[in-house]
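Trainee: Got a predicted model here, sequence first, then my questions.
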Amino acid sequence: MRLLRALIVLVVLLAAGSAHAQAGDPPQLAKDLAAVAMWLGAKAPPKCTERCFVLTKLSLDGSVASGTLGFVLEGGVLAEHPVAVPLFGPPSKVRLEGVKDDDKPASVGFEGDHYFVVTANKRFTIRGHLSLDGDLALTIPGPLNTLEANLSGGRVVEGTKLSGLTSGTIHFDSGEGATKLSEPTVFQLSRAFRVARETGFEYRLVLRSGNDLGVVRLPLSFGEKVLEVSGSSGWKVEGAELVLPTAGHTASITVTGTVASAPARLQLDARSPYEWWLLEADAEHRIMTSTGSGHAKQLDSAESPIPRTQPSSRLFLAQRGEGLELTVQTLSATDALAAVVRSHARTAVLTARGEWVFDERLQYENNGVDHLMFAPAGRPIFLATDGAGERLMHKDGDLSKVLISLRKGTHEAHLQSLAETRLTPLFGVLSVPAPDHPLTASRAAITVGLPQGVIPLAVLGGDRIVWLVGLEQLAGVLVAAFVAWLVMSTARDRLLLGVGLAGLWLLSQPAFIATIGALLGYAALRIAARVLSGRSRSFVRIAIVAGAVLGVFITLVTLVTMSGRERALAPSPDRTTADYRPVDLPKSEPTPNVDLLTKGPSDQLKAPADESGKLGNYPAQLAAAGILPGVTPVALPLPSADRWVSASRELVTHDRPFAPRVVYVTMNGLLPLVAAWALSLLALAWLHRAQLIALRDRARALLAAPPPDAKPAE
């Protein structure tokens, strides 16, 4: 650096001399020297801004009680120019005297909260004396490698040998006698214990004194683990005591941390005239306290100096000589339902080929569950939430289960699936597949649609057995037996006619009613013929026939009206399929290979790698059965059914699923009964063929045209 300065000066002198010697161009030597000076200036290192010095060691000696300490600071300068080396502070509380740099008076100044010395020595040793004014604390900005305190009186609270100090504060203790003189006149301690899965504590300490407080020691009698201290810098734990350095005449310190377990007994600190004790517990714990003489008194928790965190907090005020015994009880907790299904409505339609189409609606209330793994009764084909269609998401490639995203609050999930079964040709029990999910349903109801030719007899598996052959059919059979007994005279005829009428009731109710009306009218006519005579008989016959015809007409109209109402109330495919709103999904680049779902998980269709010349969405044209992965599905309208049956059950759980069973008989199974019914009618007709022939002849005679009147003889 000095060589560079000399060269620059030489160049300047030569240039000036040449200018005075002649007004022409400078000599070549001056030009060369100027070029060398410029090159050396370009190669010069820049001014140091970071890590310009090193502070190796700070040594302190003297007595704290005297108020003056000697110091020696060793270090080095890493820059090529003088730098400001920080010492300590704060300048308002610390005075420096006789500061020398390598036995020469040093240039000392202050900036912010510390003094500094300006030096350019590569290795320096700064000596001097410092006086503490008021607070027994020293701020060291650093970074300082080592601190050694060789004090003849007093001590450094943090320790005699420290290392790695940066923006730290050390505190001095003048000794045992000074501690007694600076004992705080106000020592107010408040404690809070919060019992949960991990027991925590919070201490609030307020100190006031006429002299400097110095260092305060707080015993940790319950094995406390201190995590944070506010209001005291440089705190540390020594054994079973918490060392709290303070500055000034007042201090407010808050200590927080954890403890292994709540203390069994609380007692006052000997320096505190009274203490506040705040006890809190969560919902899984309960704190029992002792009562009586010699124990702390319970007060309103609103007066607590420590903020409350639990509604069940209790506050106690303890005077000298009082204590408090604590007992913590752990309460057993049970699992709660975070999500429930309010209602689960299912519609299952069975086609004539044995294919199930399931339409399920789950109205749920969620308060914390993110997803629901739902295993439908068949292969899922549609999913919607609140009417908005969603993609079918599966877990680990398991296509039999659908991952339903649950929203918080009350919502409705709509799911459709397909399955297959087999019907027996005559009769049997049809088991309706049940879905599987972990949520508890308050109520589940199912409506099953059966194809033509399948006649349900009963539905099992609900809260009660639903009999589809009930009082109506029994009443018809009893009416048939009564009419047979009334009309016929022999037991054989009554049996055959009763079987015929009962079968007619089961096959066609309108025909049954018309037949019953005709038989009753015939019986009434016979009775009237025996009892009445003359015009009265004719009048009664006309009235009976008119009443029978009117009754049959009214009955037919009533049956047609009831049948139409039942068809209107029966579930229809249009009402069991909800509206849906397709969701706009982000567009993605087409991939050369598209895996397509088919009925079997192993069967796959792939689009050819070369799609040049293909128009439109070519992969979608290869979709099997209209199913394409990664596309929002659409709802499938339910097929129609010939007969509908329903069942329900309250409180359906994962362990008690609702799987109804339908007892049925097919038309093929009823063929023997139909044959027996037809044979009974034929036998009855054969036995009464003479009466039937006479009735036929009489009807023909009544319907025949009257013979023309004979002309009178002329």
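Mentor: Good, I have the coordinates. Residues are numbered from 1 along each chain as shown.
Trainee: got the domain boundaries for this protein?
Mentor: 2-43, 53-176, 182-330, 339-469+645-665 (automatic domain parsing).
Trainee: Quick one: end-to-end distance for stretch 650-662.
Mentor: Using Cα to Cα, to the nearest Å, the end-to-end distance of stretch 650-662 comes out at 19 Å.
Trainee: And for that stretch, what's in contact with it?
Mentor: 344, 429-444, 446, 448, 450, 456, 458-463, 645, 647, 649 (Cβ atoms under 8 Å, 6 or more residues apart in numbering). For the C-beta atoms, the positions are set from N, CA and C on the backbone; glycine is no exception.
Trainee: same check, this time on stretch 493-511
Mentor: With Cβ under 8 Å, 6+ apart, stretch 493-511 has contacts from 473, 476-477, 479-481, 483-485, 487-488, 512, 515-516, 555-556, 559, 673-674, 676-677, 680-681, 683-684, 687-688.
Trainee: Just the buried ones from those residues?
Mentor: The neighbour count (16 or more other Cβ atoms under 10 Å) marks 476-477, 479-481, 483-484, 487-488, 512, 515-516, 555, 677, 680-681, 683-684, 688 as buried among the contacts of stretch 493-511.
Trainee: Just those residues: which are in strands?
Mentor: Residues of those located in strands (DSSP state E): none.
Trainee: Could you pull out the strands in the stretch 301-450 of the chain for me?
Mentor: 314-319, 323-330, 339-350, 355-366, 371-374, 379-385, 388-389, 402-405, 409-420, 427-431, 440-450 (DSSP state E, counting those that start in this stretch).
Trainee: so which of these is the most packed in?
Mentor: Comparing those by mean neighbour count (mean count of other Cβ atoms under 10 Å), strand 379-385 ranks first with a mean of 22.
Trainee: Sheet partners, orientation included, of that one?
Mentor: Strand pairing for strand 379-385, using DSSP bridges, gives strand 388-389 (antiparallel), strand 409-420 (antiparallel).
Trainee: now for these, which one comes closest to residue 201?
Mentor: strand 409-420 (39.2 Å; Cβ to Cβ).
Trainee: hmm, who's touching that closest one?
Mentor: 342, 354-366, 372, 374, 376-387, 402, 404, 433, 578, 580, 635-636.
Trainee: show me where pLDDT drops low in the stretch 101-250 of the chain?
Mentor: 134-135, 175-184 (pLDDT under 70).
Trainee: before we move on, the earlier item: among the strands paired with strand 379-385, which is nearest residue 144?
Mentor: Using Cβ to Cβ, the nearest of those to residue 144 is strand 409-420, at 60.0 Å.
Trainee: So what angle separates the directions of that closest one and strand 339-350?
Mentor: Angle, strand 409-420 to strand 339-350, by axes from the mean of the first three to the mean of the last three Cα atoms, to 10 degrees: 30 degrees.
Trainee: how big is the angle separating strand 409-420 from strand 355-366?
Mentor: Using the same axes, to 10 degrees: strand 409-420 against strand 355-366 is 160 degrees.
Trainee: Just the strands from the stretch 151-300 of the chain, written as ranges.
Mentor: So, for the stretch 151-300 of the chain - with DSSP E, counting those that start in this stretch - the strands run 155-156, 161-165, 168-173, 186-195, 200-208, 215-219, 225-230, 236-238, 241-245, 250-258, 265-267, 274-281, 285-289, 297-299.
Trainee: Mind checking those for the one nearest to residue 693?
Mentor: Comparison of the strands of the stretch 151-300 of the chain against residue 693 by Cβ to Cβ identifies strand 285-289 as nearest, at 98.4 Å.
Trainee: per-residue confidence averaged over the closest one?
Mentor: In this model, strand 285-289 has a mean pLDDT of 90.
Trainee: That one pairs with which strands, and in what direction?
Mentor: strand 323-330 (antiparallel).
Trainee: low-confidence ranges in the stretch 601-714 of the chain?
Mentor: Low-confidence segments of the stretch 601-714 of the chain (pLDDT under 70): 601-632, 702-703, 705-714.
Trainee: What ranges does it have for its helices?
Mentor: 618-621, 667-687, 689-703 (DSSP state H, counting those that start in this stretch).
Trainee: picking up where we left off before, out of the strands of the stretch 301-450 of the chain, the one nearest residue 258 is which?
Mentor: strand 323-330 (14.7 Å).
Trainee: between the closest one and strand 274-281, how many degrees?
Mentor: Put simply, strand 323-330 runs at 10 degrees to strand 274-281, going by the same axes, to 10 degrees.
Trainee: how much does strand 323-330 deviate in direction from strand 186-195?
Mentor: Using the same axes, to 10 degrees: strand 323-330 against strand 186-195 is 20 degrees.
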